[in-house]
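Asker: Could you look at this predicted model? Sequence included:
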Amino acid sequence: MTREEIYNDIKATLGSVPGFIGALDDAQIGPMWEKTKNTFLSEMSLGLKENALASVAVSYALECEY
């Protein structure tokens, strides 16, 4: 996928493209987006909303910025 296609996919999925994405080079952006989709945005036993809430809770518990 080209950078533009990846941006379009991110925008379609998230509603906008996060600013840090622009800092990634072309070799990083494709694999990063695929891993993000497969890890955090795929349907699992939890729905997408519950998965996102669990991610926020873990980030808070580990005192990292989400």
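Answerer: Yep, it's here.
Asker: Run through this protein and note the low-pLDDT ranges.
Answerer: The model of the chain has pLDDT under 70 over residues 43-44, 65-66.
Asker: at 50 what do you get?
Answerer: Scanning the chain for pLDDT under 50 picks out no residues.
Asker: distance of the residue most central in space within it from Thr2?
Answerer: The centroid of the chain falls nearest to Thr36 when counting by CA atoms, centre = their mean (4.3 Å). When CB to CB, to the nearest Å is the yardstick, Thr36 and Thr2 sit 18 Å from each other. Where you see a C-beta, it was placed from the backbone N, CA and C, and this is true even at glycine.
Asker: Is the closest residue to Met1 other than its chain neighbours in a helix, a strand, or coil?
Answerer: With sequence-adjacent residues excluded and distances taken as CB to CB, 6 or more residues apart in numbering, Met1 is closest to Gly30, at 5.9 Å. With DSSP: H, G, I helix; E, B strand; the rest coil as the basis, the three-state label of Gly30 is helix.
Asker: I'd say Gly30 and Tyr7 touch.
Answerer: No. Gly30 sits out of contact with Tyr7 when judged by CB atoms under 8 Å, with a separation of 11.1 Å.
Asker: about what we covered before: what about the residue nearest to the centre of the chain, which helix or strand?
Answerer: Under the assignment given by DSSP states H and E, the secondary-structure element containing Thr36 is helix 26-40.
Asker: Identify the residues contacting that helix?
Answerer: Helix 26-40 is contacted from outside by Met1, Arg3, Ile6, Asp9, Ile10, Thr13, Ile21, Leu24, Asn51, Ala52, Ser55, using CB atoms under 8 Å, 6 or more residues apart in numbering.
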